[in-house]
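Asks: Here is my input; please provide its structure:
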Amino acid sequence: MIDIKLVRENPDLVKDNIKKKFQDEKLHLVDEVRDLDEKLRAYKTEGDKLRASRNKTSKQIGALMGQGKRDEAEEAKEEVKKINQRLIDIEAETEKLDQEVKKRMMVIPQIIDDSVPIGKDDSENVEIERFGEPIVPSYEVPYHIDIMESFDGVDLDSARDTSGAGFYYLRGDIARLHSAILSYARDFMIDRGYTYYIPPYMIRSNVVTGVMSFSEMEDMMYKIEGEDLYLIGTSEHSMIGKFINTINEEEKMPMRMTSYSPCFRKEVGAHGIEERGVYRIHQFEKQEMVIIAKPEESKKLYDELWKNTVDFFRSLEIPVRTLECCSGDLADLKVKSCDVEAFSPRQGKYFEVGSCSNLGDAQARRLGIRLRGEDGTYFAHTLNNTVVAPPRMLIAFLENLLQEDGSVKIPEPLQMYMGGKDRIYPKEK
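Replies: Residues are numbered from 1 along each chain as shown. As a prediction, this is how the structure comes out:
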């Protein structure tokens, strides 16, 4: 949520930003907010004058009574009653207007960074840099589910019977590999100075609307029937929510955190949810990075975050690239975002395995997350990024480390989590 002062003082900038995001249908909201805000300020001015008048008149009542001017005192009392009633009416109108302003401000997009490329959708995202040499081997790389099945490591049919499409059972070496990757990711981030958290997996609606846009909420979140609780789509939601309505000391910034959680997503509108695979699924696990920071530090920390993910994947010998998200592909709360994509030897192209975002003060404004410095309090900046999210990451891992004999190489950093194994072998048929 942007600062309303920006709408008051520079509406053209706000409108231009809306146009850059190809959301012209929201342009009218800027003028509506300005009109509503003007009425709000007029009510505030009237209310201040009425309260001053009430205080003055109330003081006169005692004096008039002392002077025996009972009729004039009664008239003054009636005047105070009228003022009180008008103040009640103003308060009711102000509350309505406040809600109308907030409703519109919640869907006006955050001002994007000047470096963000302008484009309508993800087809216009821009490659930034590649890390590692992508190699397509001379032997065939099977579909990821076929690789998993060669290890007797996945059961989609049973999951479909128990839970429906978009779920899975992992077992044996594949399940162990899944857990090993998460354990390694946890320790990788701890070694980089991030504090490890396991957060709540359910959050209240006021936290949900604080961390994401309404459209994302509708498309992603599972609601717990009969309760004001939602299953999290990522641990970022809980971790940012942890700081709701807090004032944090400036000298403690930045706060670097890494959190593990299962994640639950509807994947509304997602193509391929019925496909035989684990690319788009309703349930997965993830290691996340979250930072609370001073505004002047957020650009530098954004680069730190995506580099952490690149370094993690490269330590596992997986080629990756970074892709700058264009204006039309940015969620409304984001100032800047890039995807980390891993190379798929089977397809000969890259696919998304993580997303890094700088949200500026958007979440902080919605949730009341402030920092305190010498000059008073101000809104923090929040950032997040994926360390790793298996089982999707398993696709990249299995394809890139598959050997010609059907075995899968285990890179050195992962071996301690795999019982010392440097390779796993498919089951004999």
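
Asks: ok, how many other residues are close to residue 66?
Replies: 9 (other C-beta atoms under 10 Å). Every C-beta, even on glycine, is put in place using the N, C-alpha and C of the backbone.

Asks: That one and residue 73: what is the separation?
Replies: According to C-beta to C-beta, to the nearest Å, residue 66 and residue 73 sit 9 Å apart.

Asks: Report the set of residues contacting both of the two.
Replies: Residues touching both residue 66 and residue 73 (C-beta atoms under 8 Å, 6 or more residues apart in numbering): none.

Asks: What ranges does this protein have for its helices?
Replies: Using DSSP state H, the helices of the chain run over 4-9, 11-20, 27-66, 70-105, 144-150, 156-162, 172-191, 205-211, 214-220, 235-241, 298-315, 362-367, 392-401, 412-415.

Asks: Throw these into CSV and include distance to residue 259, thanks.
Replies: Below are the helices of the chain laid out as CSV (distance: least, C-beta to C-beta, whole Å):
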stretch, distance to residue 259
helix 4-9, 32
helix 11-20, 31
helix 27-66, 34
helix 70-105, 29
helix 144-150, 26
helix 156-162, 26
helix 172-191, 9
helix 205-211, 13
helix 214-220, 18
helix 235-241, 4
helix 298-315, 13
helix 362-367, 15
helix 392-401, 17
helix 412-415, 21
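
Asks: hey, which of these is tucked in deepest?
Replies: For the helices of the chain, the largest average neighbour count (mean count of other C-beta atoms under 10 Å) is found in helix 235-241, namely a mean of 26.

Asks: Now it: average pLDDT?
Replies: The pLDDT scores in helix 235-241 average 96.

Asks: Check the contact between residue 393 and residue 184; I expect there is one.
Replies: No. If you go by C-beta atoms under 8 Å, residue 393 and residue 184 don't touch, sitting 11.1 Å apart.

Asks: Report the beta-bridge partners for residue 320.
Replies: residue 131, residue 342 (DSSP bridges).

Asks: doesn't residue 344 make contact with it?
Replies: No. Residue 320 is beyond contact range of residue 344, at 11.2 Å (criterion: C-beta under 8 Å).

Asks: Common neighbours of those two, please.
Replies: In contact with both residue 320 and residue 344: residue 350, using C-beta under 8 Å, 6+ apart.

Asks: which regions of the stretch 1-150 of the chain sit below the pLDDT cut-off?
Replies: Low-confidence segments of the stretch 1-150 of the chain (pLDDT under 70): none present.

Asks: now with 90?
Replies: Scanning the stretch 1-150 of the chain for pLDDT under 90 picks out 1, 55, 57-80.

Asks: repeat for the stretch 251-400 of the chain
Replies: Residues of the stretch 251-400 of the chain that meet the cut-off, pLDDT under 90, sit at 266-281, 390-392.

Asks: Which parts of it are strands?
Replies: In the stretch 251-400 of the chain, the strands defined using DSSP state E, counting those that start in this stretch lie at 255-264, 283-293, 320-324, 336-344, 349-358, 369-373, 376-379, 381-388.

Asks: Enumerate the beta-bridge partners assigned to residue 354.
Replies: residue 340.

Asks: And for it, the neighbour number?
Replies: By the measure other C-beta under 10 Å, the count of residues near residue 354 is 29.

Asks: Please apply the same query to the one 5 residues further on.
Replies: Here the number of neighbours of residue 359 (other C-beta under 10 Å) works out to 25.

Asks: Quick check: it touching residue 334?
Replies: Yes. If you go by C-beta under 8 Å, residue 359 and residue 334 touch, sitting 5.7 Å apart.
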